[in-house]
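1. kindly return the folded structure for what I paste below:
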Amino acid sequence: MTVTRFAPSPTGRLHLGHVLAAKVAHDLAREANGTFLLRHEDIDGPRVREEFYQGIEEDLEWLCLKWDGEPLRQTHRITAYEAALESLRARNLVYPCFCTRREIQDEWARMGAAPQGPEAPVYPGTCQKLTPTQQREKIHSGIPYAWRLDSGKTVDLTGPLTFHDLRLGKIPVSPELLGDVVLARKDIGTAYHLAVVVDDAFQEITHVTRGEDLLSSTHVHRLLQVLLGLPEPIYLHHRLMLDENGKRLAKRNDSLSIATLRESGMSPTEVLSLIES
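-> Below you'll find the predicted structure:
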């Protein structure tokens, strides 16, 4: 059975870009008589507000993009993420990173140029060079830290990998695209890449649909699936909704929020027609 999910962050109201993502996931499930799930990716701390959970669900219902079952909240799943992280720690596949943003920028400057990923510079691996003794001393001193995936070690374990996209076909995995990504922060216990992989397996997602801007993240997620012994879903990286300047819609585009469009008198059909133009 086909199982898809829409996974917004309750840090603002939905806009047209979200609607496109929700509709792609909804329609793929419904066309296969499958299941469409809603997940609130709410690990973004102080930016999350209860009114946004409610607003997201209200907008989806108004658009007739009804989900199955109870929405999942990631903040209810912290112990599952901690267990996954511990599995990676036990195999020495992650390391603590104590770098501040300024220290990372200084390291890039010393290198002469920042190593570039698809969307942003890649972490230069500064803390990967620390000895176990140095790591322990920094942790015990109370310096804030995050856990990063040691991508060099993981590639040696998994060998060549691929994933299948319904739109783009078979894609070879290149973990170096994002480098040693953050999997967990000390204050939260997880981060996006780890949480999404663990939750997709928990919810038995068969088809992961999301914007093509997250294509590079899928390389990391496929790697984590193998390392954690989780099933491999099929992917569909769909086109993005762009603003008048050709940039991806964001929550700052309030004029294109569903709440604003509703208040202007538009019907659900009229709103949905905007993502098809």
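
2. my guess is Gly45 contacts Ile188. True?
-> Yes. The criterion here is CB atoms under 8 Å, and Gly45 meets it with Ile188 at 6.8 Å. To be clear about C-beta, it is placed using only N, CA and C from the backbone, and glycine gets the same treatment.

3. from His221, how far out is the residue most central in space within the chain?
-> Nearest to the mean C-alpha position of the chain, by CA atoms, centre = their mean, lies Tyr192 at 4.7 Å. Distance, Tyr192 to His221, by CB to CB, to the nearest Å: 10 Å.

4. any regions of the stretch 1-150 of the chain where pLDDT drops low?
-> 112-120 (pLDDT under 70).

5. would you map the strands across the stretch 1-150 of the chain?
-> For the stretch 1-150 of the chain, applying DSSP state E, counting those that start in this stretch gives strands covering 3-6, 35-40, 72-73, 94-97, 146-149.

6. ranking those strands by burial, who's on top?
-> Ranked by mean neighbour count, the strands of the stretch 1-150 of the chain are led by strand 3-6 with a mean of 25 (mean count of other CB atoms under 10 Å).

7. and Leu168, which of the strands of the stretch 1-150 of the chain is closest to it?
-> strand 3-6 (17.4 Å; CB to CB).

8. list the contacts of that closest one.
-> 21-22, 25-26, 28-29, 34-39, 60, 65, 67, 200, 203-209 (CB atoms under 8 Å, 6 or more residues apart in numbering).

9. could you turn the buried ones of the residues you listed into a ChimeraX selection?
-> Remark: buried members of those, expressed as a ChimeraX selection using 16 or more other CB atoms under 10 Å:
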select :21,22,25,26,28,29,35,36,37,38,39,60,65,67,200,203,205,206,207,208,209
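
10. could you tell me which of the contacts of strand 3-6 belong to helices?
-> Residues of these located in helices (DSSP state H): 21-22, 25-26, 28-29, 60, 200.

11. and stretch 93-112, how far out from the chain's middle?
-> Here stretch 93-112 is found 22 Å from its chain centre; the criterion is CA atoms, centre = their mean, to the nearest Å.

12. in contact with the closest residue to Glu57 other than its chain neighbours, which residues?
-> Excluding the flanking residues, the one nearest Glu57 by CB to CB, 6 or more residues apart in numbering is Pro71, at 6.9 Å. By CB under 8 Å, 6+ apart, the contact set of Pro71 is 37-40, 53, 57.

13. from those, which two are the most distant?
-> Leu37 and Tyr53 (15.0 Å).

14. ok, what's across the strand from the nearest residue to Asp165 once chain neighbours are set aside?
-> Nearest in space to Asp165, with sequence neighbours left out and distances taken as CB to CB, 6+ apart, is Tyr235 at 4.6 Å. Beta bridges link Tyr235 to Asp165, Val208, judged by DSSP bridges.

15. Tyr235 contacts Leu166, correct?
-> Yes. Between Tyr235 and Leu166 there is a contact at 7.1 Å, judged by CB under 8 Å.

16. what is in contact with these two at once?
-> His207.

17. more neighbours: these two, which one.
-> Tyr235 (21 against 13; other CB atoms under 10 Å).

18. so Ser9 touches Gly45, yeah?
-> No. Applying CB under 8 Å as the test, Ser9 and Gly45 come out as separate, 10.9 Å apart.

19. neighbour count for the two, which is higher?
-> Set side by side, Ser9 and Gly45 show more neighbours around Ser9, with 18 against 11, by other CB under 10 Å.

20. need phi/psi at the nearest residue to the more buried one once chain neighbours are set aside.
-> Spatially, and ignoring its direct neighbours in sequence, Ser9 is nearest to Glu41 (4.8 Å; CB to CB, 6+ apart). Glu41 adopts backbone torsions of phi -90, psi 90, taken as degrees, to the nearest 10.
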